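Colleague: Generate a structure from the sequence data that follows.
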Amino acid sequence: SIMKVTGSILALVAAVDPSIVVALSQRTPPATVKAISEKVMQTMSRRSLLSMMLTGLATTVAVNGGATTPASYAADDSEQKLTNVYFGVGCFWHIQHEFVAAERELLGRDDHTLTSKTGYAGGKNVGSEGRVCYHNFSGIADYGKLGHGEVVGMTLPDASIVDFSKVYFDLFNPTTKNRVDPQDRGAEYRSLIGLPGGTKHTLYPDIEAAATEAGFTLREGSGNDPDTLGKALVWVYDTAKFPFHQAEVYHQYHDDFQSPAYGKKYNNLANVALEEGRIVGTGCPDRV
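Modeller: Predicted coordinates:
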């Protein structure tokens with residue numbers, strides 16, 4: 001639930017405009033309250049205070065099940081429905097970086113509200129205890145042997161799903177229509193999209209139109225599907241039948257082989273997400 005602002009801040013707001021006190025008490029998070037308090041201590045004018053409070057309302061952080069979600073894209077779930085989706089095309093390290101950039105640019109998300117995480121999907125089977133793991137010397141729930149591909153899962157407002165699908169199609173080589181790492185061969189690196197309902201999702205026609213414009217064909221996946229290299233083909237999965245399985249912590253926010261190192265600040269996002277519960281231990285061989 002949203003924590004109420006302190007009485008002292010409400011009193012200051014009331015001095016400016018009593019009509020917004022109730023709204024603020026219901027919608028302003030502690031972080032915004034602190035920022036407002038610091039500004040007040042710097043003797044802001046009443047007009048400046050009002051402006052800042054209204055800005056705080058527009059950037060409220062909603063707390064839902066331990067995950068934080070900026071109001072810029074989900075002030076209220078009844079206003080903007082959030083949906084879990086995933087995209088895959090080659091090695092997931094590069095793809096995660098690109099979708100993190102898209103979350104920042106298109107949704108205004110920050111280090112503490114990013115949802116893009118590497119994972120596995122599209123396979124018919126899981127290992128013991130429901131695990132799906134990267135290749136490991138112990139042979140535990142190997143994602144390739146289980147029929148899964150590498151993907152990046154994220155939580156998006158429905159209104160942004162088509163925009164993110166366009167970001168996805170831009171990740172391919174525009175000339176060959178292949179992934180940017182064609183040296184990675186096999187079904188683990190196939191191109192795939194996961195949506196609730198798959199091809200029956202209400203936005204599927206719009207996503208298909210974006211795919212056609214980009215030169216790709218979408219096809220309903222049946223699980224454990226083959227590689228798509230050289231075919232300009234993308235498998236589409238129903239996330240209810242083929243759910244997302246988060247990858248190990250050491251695979252999150254990782255440098256790739258397509259670009260210069262992303263830097264320690266980017267790499268450290270894995271620790272931030274782990275501490276805040278946005279990624280968790282998977283039970284697979286890992287560093288945690």
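
Colleague: Which residue ranges of the protein form strands?
Modeller: Secondary structure of the chain, counting by DSSP state E: strands at 61-64, 67-70, 82-88, 117-121, 149-157, 192-195, 217-220, 233-238, 245-246.

Colleague: Worst mean pLDDT among these?
Modeller: Within those, the least confident segment by mean pLDDT turns out to be strand 61-64, at a mean of 30.

Colleague: circling back: among the strands of the chain, which is nearest F169?
Modeller: F169 lies closest, by C-beta to C-beta, to one member of those: strand 233-238, at 8.4 Å. In this view, the C-beta of every residue, glycine as well, is placed from N, C-alpha and C.

Colleague: and the angle for that closest one with strand 149-157?
Modeller: Regarding strand 233-238 and strand 149-157, their directions subtend 60 degrees when assessed with axes from the mean of the first three to the mean of the last three C-alpha atoms, to 10 degrees.

Colleague: the bottom helix or strand of the chain by mean pLDDT?
Modeller: Ranked by mean pLDDT, DSSP states H and E, the helix or strand of the chain with the weakest confidence is strand 61-64, at a mean of 30.

Colleague: quick one: buried residues of stretch 185-201?
Modeller: The neighbour-count check on stretch 185-201 (16 or more other C-beta atoms under 10 Å) flags 187-195, 198-199, 201 as buried.

Colleague: same deal with stretch 231-243?
Modeller: 232-239, 242-243.

Colleague: Turn those residues into JSON lines, columns for distance to A214.
Modeller: Below are those laid out as JSON lines (distance: C-beta to C-beta, whole Å):
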{"residue": "A232", "distance to A214": "9"}
{"residue": "L233", "distance to A214": "12"}
{"residue": "V234", "distance to A214": "10"}
{"residue": "W235", "distance to A214": "16"}
{"residue": "V236", "distance to A214": "14"}
{"residue": "Y237", "distance to A214": "19"}
{"residue": "D238", "distance to A214": "22"}
{"residue": "T239", "distance to A214": "22"}
{"residue": "F242", "distance to A214": "23"}
{"residue": "P243", "distance to A214": "26"}
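
Colleague: where along the protein do the helices fall?
Modeller: Shown for the chain, the helices assigned by DSSP state H span residues 7-16, 21-27, 30-41, 46-58, 71-74, 92-107, 161-169, 204-214, 264-267, 269-276.

Colleague: ok, residues contacting the last one?
Modeller: By that I understand helix 269-276. Where contact means C-beta atoms under 8 Å, 6 or more residues apart in numbering, the residues beyond helix 269-276 that reach it are 68, 100, 111-112, 114, 117, 249-250, 252-254, 279-280, 288.

Colleague: And stretch 258-271, how far out from the chain middle?
Modeller: Between the centre of stretch 258-271 and the centre of its host chain there is 16 Å, according to C-alpha atoms, centre = their mean, to the nearest Å.

Colleague: again with stretch 235-248
Modeller: Chain-centre distance of stretch 235-248: 14 Å, with C-alpha atoms, centre = their mean.

Colleague: Check stretch 224-233 too.
Modeller: The chain centroid and the centroid of stretch 224-233 are separated by 24 Å, computed with C-alpha atoms, centre = their mean.

Colleague: Contacts for that stretch next, please.
Modeller: Applying C-beta under 8 Å, 6+ apart, the set of residues contacting stretch 224-233 from outside is 122-124, 147, 176-179, 182, 185-187, 189-192, 215-219, 234-235.

Colleague: In that stretch, which residues are buried?
Modeller: For stretch 224-233, burial by neighbour count (16+ other C-beta under 10 Å) applies to 225, 227-229, 232-233.

Colleague: Pick out the most distant pair among the residues you listed.
Modeller: Taking C-beta to C-beta as the measure, those span a maximum distance of 15.1 Å, between D225 and A232.

Colleague: So which of the buried residues of stretch 231-243 is the closest to C133?
Modeller: Taking C-beta to C-beta as the measure, C133 sits nearest to P243 out of the buried residues of stretch 231-243, at 15.3 Å.

Colleague: and the closest one, what does it touch?
Modeller: Each residue near P243 by C-beta under 8 Å, 6+ apart is listed here: A121.

Colleague: can you count the residues close to G263?
Modeller: Taking other C-beta atoms under 10 Å as the criterion, the count of residues near G263 is 9.

Colleague: same thing with Y204?
Modeller: Residue neighbour count, defined by other C-beta under 10 Å, stands at 21 for Y204.
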